[in-house]
Every structure is written in structure tokens, then in C-alpha cells.
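Asker: here is the input, now give the coordinates:
(2 chains)
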Amino acid sequence: MSSFTSSKALQELNIRQLSVGYHGQAVVHEVSFDLTAGQIGCLLGPSGCGKSTLLRAIAGFESVLSGAILLNGEQISSVDYLLPPEQRQIGMVFQDIALFPHLTIAENIAFGLKDKDKSAQLARVNELLELIGLPGFGARYPHSLSGGQQQRVALARAMAPKPKLLLMDEPFSGLDAKLREELVPDIRNILKHEGMSAILVTHDQMEAFAMADMIAVMASGEIHQFGTPYQIYHRPESRFTAKFVGQGDFLNAVVCDHHCLESDLGRIRGVLNDELAIGTEVDLLVRPDDVIHDDNSEFKGLVMSKWFRGSHFLYRVKLASGLVVYCFASSHHNHTIGQEIGINIELDHLVVFTK
Amino acid sequence: MPNQHRVGTGEGFAWLTWASITIALLLALPVMVIVGNLFTDSDGVWSHLWNTVLTDYVNNSLLLMVGVAIGVLCIGVPVAWLTSVCRFPGSTWLSWALLLPLAMPAYIIAYTYTGLLDFAGPVQSVIRAITGLGYGEYWFFEVRSLGGAIIMLSLVLYPYVYLMSRAAFLEQSANTLEVSRTLGYSHLSAFFRLALPLARPAIIAGLTLAMMEVLADYGTVQYFGVATFTTGIMRTFYGFGDLAAASQLAGILLLFVCVLIFTERYSRRKLRYHSSGLRKASQRELVLSGWRGIAALLFCILPVLFGFILPAGVLGYWSLFEAEPLTWDFLWLAWNSFYLALLAALIVVSLAIVLCYALRLRPSRSVEGAVACAGVGYALPGTIIAIGVIVPLAWLDHGLIALVKDITNEKIGLLFSGTIVALLFAYAVRFMAVSLGAVQSGLGKIKPSMDMAGRSLGLTPIQVLKRVHFPLLKGSLLTALLIVFVDVLKELPATLILRPFNFNTLAVRAFELASDERLVDAAPASIMIVLVGLIPVVLLNRSISKTH
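Answerer: Sure, this is the predicted structure:
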């Protein structure tokens, strides 16, 4: 949940009906979103959805086909104006890290501080080395550091000049899973500590959830939904978002009144957000945690496959209608494949899409 | 109209595209001239060549190639296997010492051995003194023959095969070989059944490189009186002043080279499939002790001894104790060579930088084509390039002379073909590929994201060039400069054909003195060429030990 509401007039980013592309061919189509000061935003989407292109446009490395980018109320990109990247005060962290191999760690971090005097540079470098947990590494060269350490130095280098905004282009994708799990919360803490606005680009939803205050789900150059991680997961506004974020299945259902659906798993009560006419056929989104194993339930399903997750079982269950859904069960309920088990639906907010 | 280019990279560098295409067309011009000439049969030159000298040239060139091929394979492959798989006394230093003959130009080793082994040389003198036999009363190997040329060329060209096959042997994962041992093969049969077939593409690639050098050689075959294409081209050009016939011959030689280039490319492509991709963690070494170790040591030391140590020692001895003392003439000669090589290196590397940046900042089909085109001269013998350079430049000069005479009634000299412009042009064609390779590999290490990182940290494009690119490229540029410098210093046939009147270099002077049978006096110039030639060998060694 976004709870970061600073009274200080920090920097704000506005993207207004922005289209970006090459040779007149738009890769990003008329996207809009706003990021308030100190927030960490995330562009989440499958590869090729235009999220990196959008990021590069914000950095000033891509020109704009239409629309505008405003930073703190000042227009920095538009159709006929492009503030050069070096004048934007927007920092960037790259997927391939891109530390300068001929410079020491300290020199790398001080690279963007060339206008400051030596003692101020040294103070900032030491402060950042402390912050990223690598004090005393200043005299080393990048090649002597591990991948995770290098990425932290890259972050420090980008943050050193105190940019108005920090952009991160898949910064964790080159690192192994364990390292990523450690690094992501670390980096979120560092950013929050510095009160820095940032945008992360990723295709990994767990990374997005762990890092971001606001997530923009992107597909084929468009933003499908912009919201908090909780909203994105539990209140998806499009089929794409529903499918791309989290696991889930669609259940055939018919609207019986404004608080009720008739489905393969019986009558389901809950809040329907759309004003749907009675009798409308809809698809109901069910997440694995919405379908609960219950031996006493009258609704039965056939276990197709199962995964033991330690604390629980995740079953893939085939309903009488032929639909297959995920189902959670406590880890004591060990059923074999092919066995029939009882299931119940527990939903309070109904996410439906008309057919 | 919105601006639609990618600002981060190619902004404002449109001129690079045109510059690279112009450079490429210029550098490809000599080859196009030769190829064009091949299809225009003027004055029955063709049939005349065919009826007279051509069969000789073809036969001798082929015999030379076959002989040297056998020679370099018999030396190069076994020493590569021994130094990469086995451990024996001296195997470590031998693995780099075996590269030393690369520093020895073939024409220099040829006349050094002639000085040693001919009738008046120390070896035969000693034999006569011991046995008391006189002239004609005993048989001795005639070094100035086709056989002699084969041995000389094999001694200095085996490193190509050694280098390529050693890399292949080292790359073969220890696993593959150990699997064969568990399936019941001995070391020796594993070598023939597995290691050798796996290394075959690499061996062939090395062999074709050596063959290109054989076809390019002029100094050795000329000195030994073996009539091949290169000597034929020189003879027709100088002896008969027949540029048309010379370029026809060059065209035929070009066909030979094309076959080699094709073979080389093909085997390099196969090389990719043959490498297992597995980096062996630690190759289990086969330890050779006792007499086996001694035998391996002796076998590996022979090529170094005869390909470098002995001839370099003899040259050093001659220079120090027997040659005429150094004169101003010699210093003048060294200066000529030095500034010509430096100028050529600067020009070639500058052009390579333009081409490489065009490829980086304005990538497109046409720029890619231009870069490929610019490197086309790498495999061509100096004689071909020289003829290909002189034809268009002479045409240009004569046109200019006529034009100036028409307009001002003044007589001007040869502005291009008679000056070092022609030489520099030829060197640029011949050595562009080398320098392109070095600059490209250096630039490849600077990731595009580093440019962007620099920009986002407040640097203008020019500052990025200064603070990020230049420091990272320095080493590669220096390497490129050095390699071209040394190659130009060693180059003989193109320099012979294209040098201005009365302009001499160390290589030309050494060759002229040797041709006049003043072998000892040729030594100082030769030893300088050899010593400078050691620089790229050292560089090569450094880069090899870095990768392994």
C-alpha cells in the first residue's frame, strides 16, 4: 500500500499521453501515469512490451512521437523538445551493471560528482559505501567484486549526484535467485532512506511486489493498470493483468443479482463492482487461495497434479464441467492423484470479466 | 516532423556512414582493379602467358604449397599436442618459445641459411677442412632450391598451425579424453581417434593461413631462384614493363588465394561446432618423465633452434663482428623505415577507428558491408595489392599530367604513383583487417550501457568519449598501432614495387644486399627487423596467457 505522503515539495513525474518509437513506429502507445515524490514505481510486463523503451525515453535516450514527460512541473520531453540526458538529473542503473572497469569503486561512485570539490566527493562516496554495506571497498576495482556487490555500487554511482529520479532497468535479472531475494529489500530500504523517487523495470512480479509502491502493468506498449501491488493482484482491471500477475483460473458464471453469481461451484456471494444485468455470462477470476479444500463440501473435483509446498499443498483440480482450477489445502491433507476431493470457494470481492 | 533518431547513440553522426563507405570503396579498389583485369583479355596476354611461363609458375607454386603444408603439419601439430597435453622438462617456456619464428621473415632466414650452408659458408668449410675433400668431391645439400625454400618457409610458418591447433587441444575438454580412456583407448590412440579429428578444423585454419603466407612470399623464392607467381609478377612488371600481363598474373594468384580464404572461413565456421563449449576446469596433464621427457624436449626445441635461435644468433654475430660498421646511411634507412611504418600505422588505425565508430553509432547494412569490404586485403599478397594500387594511381597521375599540361602548359611529376602516397595506400589495404580486429575487440568491451551511464551522470557525448571510451580503448589502439607498425616494417614485395625512386627501407635494403651476395652486410638491417618483429610475438603471448 502506498502510504508515503510527504508534505515536502519533492520531485514529481508526470507522463502524459506519451508515445515512443523508432522510425515513426510506436513501441509505446499513449501511456499516462504520475509518480509522486519519494514513491517507487514499477513498470511490470512481459519482454517486448515497451517498458524499457519507456524508461529510456524518461532518461532522455529516446525521442518522443507524441505526448510529454514532465519532471517537477518542467517539461523535459515533448515532440519538439528534448532535454539532453546529461541535463536531466535522472540517474540510471542498468541490467548489465555497466561499471567503468578502468576506475576504482570510489572513482565510479564519484563519477557524477565532478562539479563538487574533493572533500565533498569523498564524504558522499564514503556515505554511500556505508549505505550499500561496502565500507572500505573504495580502492578496489569492479572486477574484484561479486555481481550483487557490483550492482550495489552501480546503484550508489547513480544515486551519488542526488538525482531527481532514479531509473532501474531490470537491475536484478543478471543475478541469481538467492542474491536477488536479499538485494531487493536492501535496495528498497536504501531508496527509502534517501527519500528518492525511482522507477524499476522488471518482468518479475515478485520483484515488483517487493520493491514498488505503485505498479504499472504493461503489455504491447500500453499500460493496462496503474495501482498498488494489492490492487494489481486483487482488483485486476483487465484479463491480461489478471493472468499475468499471480496464478489463477477463470470460472464460468452467470450473474443472478448484484451480490451473487451462479457457477460450476454453486452460488457465490460477494460484491460485484460492475453493474451487470441479471443473466449476463461472465468469467470469474479465482486465485489458488480462493479455492479451499473441504472434505465436507458437496462440490467434488479430481486431483490432476499436486505440489507439496511444506506448509500447504497446491492441487490442480478438475471440475465436473471440465474446468481446471488451483486449490489450496493444508499440508496434512495428502491426497493422491486421481482421487476425488471436496472443494469450496471463499471469495468476498468478485473479479469478473464479461464474455 | 518529430526527430526520430535514438538520441543516446547515433545523434549527429550521420557523416560517419558516408565516411565509412568512402573508406571501404577506396580500400577495395585495388582488388576490384585486379578482378576487373582478369575478365578483360587484352592483346592476347593470356594465351602468351599460358604458352610460356604459366605452367612453370603454377607447378612451382603448387609444389611449394604442398611441401610447406607437409612441413608445417609435421612440426606444428605434434609440438602443439606435446605442449598442451603433456608436461615435460621445459614444456612451459617452450610453449611460448615455439612462437618465436613468427618474428623471422622468410626472406631473412633464407639468406641467413644460405650464408651458413653454401660452398663458402662455415659448415662446408669445416667439412672440407676435416675430410680434406675439395670442390665437387662430396655431396652437400643445395639450400638454394625448391627443397630449400620449402624448409625455410616451413621453419617460419609452422607457428600458425601450432597456434591454432594448440588452442584447439587446450579447448578440448578433459572429459572427452577421459571418456575415451575409460572406453579402453591408450593416450596415443585417443590422440588419433579423438583429439586429432576434433582439432581438424583448427589445424586446417592454421594451415590455410600458412599457405597464404607461402603464396605471398616473394623474397625467399626470388632469392632461391624458384619461379612462382610472385616472382613472375615482378619479372613481367620490372623486366618487361608489362603492367597488363602483371595484373593478369596477379588475377590468377588471386584465384588461388580466394580458394584459401574460402577454406579458412569454412573451417572457422566448423570450428564453432567442434568446440564442446565446456571450459575444462583443470586439464589433467600427461607427465612425460625419463627418456620420453628428453625426447619430447628435443623434438620441441628443434624448430625453435633452427627457426629462430640459430639464424638470429648468426645475424647478431655478423652484425656485431663482421658487417661494415654502422654508417649514417644505415641510420637514414632506419629513420625512413620508422617514419613510414609509423605514418602507415597512424593512418590505418585512424581509418579503423572511423569504421568501427560508424558500426557502433550508425549501424546499418551498408556500414556493415563497408567494414567487411575494407578488410578484404588481409589475405592478399603484397604483389597483388601493389599492382592493384599502381594501375589506378598511374591512370590518375597520367590524367592529371595531361590536364595540367592542357591548362597551364606546365609539366608536373607523378603525384601519387611515384610517391609514398602509393605505399601508404597499399599498406592501408593490406593491414586494415588487423587493425580493425584490434579496435573492434576493444570497442566491444565498452558496453552501450556505459555510454548511457556516462550521459545520465551528466557527461556530454564528447566527455563520454574522453572519460570513458579513450581510457578503455587506449590499450587496443596501442596494440593495433604496434602490429601495423611491425607489419609495415617487415613488408617486402609491395614496398619493392611501390617505393619512390631512391627511397629505401630496412627490408628493401636487406633484400638488395643479400641479392648482391653481401649477406653479412645485410645482417644489421635484418636483425633490426627481427628484433622489432618480436614485439607482436610478445603481445600475442601475453594475450594467450591471459585467456588460458
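Asker: going forward, measure contacts and count neighbours with C-alpha atoms only.
Answerer: Noted.
Asker: may I see the buried residues of the helix or strand hosting residue B:223?
Answerer: According to DSSP states H and E, residue B:223 maps onto helix B:219-224. By neighbour count on 16 or more other Cα atoms under 10 Å in any protein chain shown, the buried set for helix B:219-224 is B:219, B:220, B:221, B:222, B:223, B:224.
Asker: before we move on, what about stretch B:247-258?
Answerer: Of the residues in stretch B:247-258, B:247, B:248, B:249, B:250, B:251, B:252, B:253, B:254, B:256, B:257 count as buried by neighbour count, 16+ other Cα under 10 Å.
Asker: contacts for it?
Answerer: B:34-35, B:37-38, B:45-46, B:212, B:215, B:229, B:232-233, B:379-380, B:383-384, B:387-388 (Cα atoms under 8 Å, 6 or more residues apart in numbering or on different chains).
Asker: close to chain B: what parts of chain A are there?
Answerer: By the rule Cα under 8 Å from any Cα of the partner chain, the part of chain A lying against chain B is A:21-24, A:59-65, A:79-80, A:85-94, A:96, A:98-102, A:111-112, A:158, A:161.
Asker: related to what we said a few turns ago, now the next helix or strand after the helix holding residue B:223: mean pLDDT?
Answerer: With elements assigned by DSSP H and E, the helix or strand that comes after helix B:219-224 is helix B:229-234. On average, the pLDDT along helix B:229-234 is 89.
Asker: and the spatially most central residue of chain B, which of the three is it?
Answerer: Central residue of chain B (Cα atoms, centre = their mean): residue B:213, 6.5 Å from the mean position. Under DSSP: H, G, I helix; E, B strand; the rest coil, the three-state class of residue B:213 is helix.
Asker: wait, what's in contact with it?
Answerer: B:157, B:381.
Asker: with chain A as the reference, measure out to it.
Answerer: Using Cα to the nearest Cα, to the nearest Å, residue B:213 is found at 38 Å from chain A.
Asker: for that residue, give me the pLDDT.
Answerer: At residue B:213, pLDDT is 89.
Asker: same deal with residue A:93?
Answerer: 93.
Asker: is it bridged to anything, and to what?
Answerer: Judged by DSSP bridges, the bridge partners of residue A:93 are residue A:168.
Asker: so which residues make contact with stretch B:69-87?
Answerer: So stretch B:69-87 is in contact with B:91-92, B:94-95, B:150-151, B:154-155, B:157-163, B:165-166, B:169-170, B:203, B:207, B:210-211, B:283-288, B:296, B:299-300, B:303, going by Cα under 8 Å, 6+ apart.
Asker: which residues of the stretch 401-548 of chain B lie near chain A?
Answerer: Taking Cα under 8 Å from any Cα as the test, the list of the stretch 401-548 of chain B residues beside chain A reads B:447, B:449-450, B:452-460, B:468, B:471-472.
Asker: buried only: go through those residues for me.
Answerer: Buried members of these, scored by 16+ other Cα under 10 Å, are B:449-450, B:452-460, B:468, B:472.
Asker: run through chain A and note the low-pLDDT ranges.
Answerer: Across chain A, residues meeting the criterion (pLDDT under 70) sit at A:1-11, A:273-274.
Asker: could you chop it up by domain?
Answerer: As assigned by the TED database, chain A contains the domains A:11-243, A:247-354.
Asker: show me what residue of the stretch 401-548 of chain B gets nearest to chain A.
Answerer: Taking Cα to the nearest Cα as the measure, the stretch 401-548 of chain B has residue B:458 as its residue closest to chain A, at 3.8 Å.
Asker: what kind of secondary structure is residue A:66 in?
Answerer: Going by three-state DSSP: residue A:66 is strand.
Asker: ends of stretch B:497-506, what's the gap?
Answerer: Separation of the first and last residues of stretch B:497-506 by Cα to Cα, to the nearest Å is 15 Å.
Asker: for it, buried residues please.
Answerer: Buried residues in stretch B:497-506 (16+ other Cα under 10 Å): B:497, B:498, B:499, B:500, B:503, B:504, B:505, B:506.
Asker: just the residues you listed: which are in helices?
Answerer: B:497, B:498, B:506 (DSSP state H).
Asker: spit out the contact partners of the last one.
Answerer: Think residue B:506. Residue B:506 sits next to B:333, B:334, B:337, B:489, B:525, B:526, B:529 when contact means Cα under 8 Å, 6+ apart.
Asker: ok so residue A:341 is a strand residue?
Answerer: Yes. When three-state DSSP is applied, residue A:341 is found to be in a strand.
Asker: wait, what's in contact with it?
Answerer: A:293, A:294, A:295, A:300, A:301, A:302, A:303, A:335.
Asker: equivalent analysis for residue A:315, please.
Answerer: So residue A:315 contacts A:303, A:304, A:305, A:306, A:307, A:326, A:327, A:328, A:329 (Cα under 8 Å, 6+ apart).
Asker: could you identify which of the residues you listed has the most neighbours?
Answerer: Greatest neighbour count in the contacts of residue A:315, by other Cα atoms under 10 Å in any protein chain shown, goes to residue A:327: 25 neighbours.
Asker: ok, it touching residue A:316?
Answerer: Yes. Counting by Cα atoms under 8 Å, residue A:327 touches residue A:316, with 6.2 Å between them.
Asker: phi and psi next, for the spatially closest residue to residue A:324 that is not a sequence neighbour.
Answerer: Of all residues not flanking residue A:324 in the chain, residue A:318 sits nearest, at 4.3 Å (Cα to Cα, 6 or more residues apart in numbering or on different chains). Here is the backbone geometry of residue A:318 (degrees, to the nearest 10): phi -100, psi 130.
Asker: and residue A:318, what does it touch?
Answerer: So residue A:318 contacts A:301, A:302, A:303, A:304, A:324, A:325 (Cα under 8 Å, 6+ apart).
Asker: can I get those residues in a markdown table with secondary structure?
Answerer: As requested, those are arranged in a markdown table below (three-state DSSP):
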| residue | secondary structure |
| --- | --- |
| A:301 | strand |
| A:302 | strand |
| A:303 | strand |
| A:304 | strand |
| A:324 | strand |
| A:325 | strand |
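Asker: from the residues you listed, pick the one nearest residue B:185.
Answerer: The closest of the contacts of residue A:318 to residue B:185 turns out to be residue A:304 (Cα to Cα; 50.3 Å).
Asker: for chain B, what's the nearest residue on the stretch 201-350 of chain A?
Answerer: As assessed by Cα to the nearest Cα, chain B sits closest to residue A:201 within the stretch 201-350 of chain A, at 15.2 Å.
Asker: which element is that residue on?
Answerer: strand A:198-202.
Asker: apart from its chain neighbours, what residue comes closest to residue A:265?
Answerer: residue A:299 (6.3 Å).
Asker: nothing else from me, thank you.
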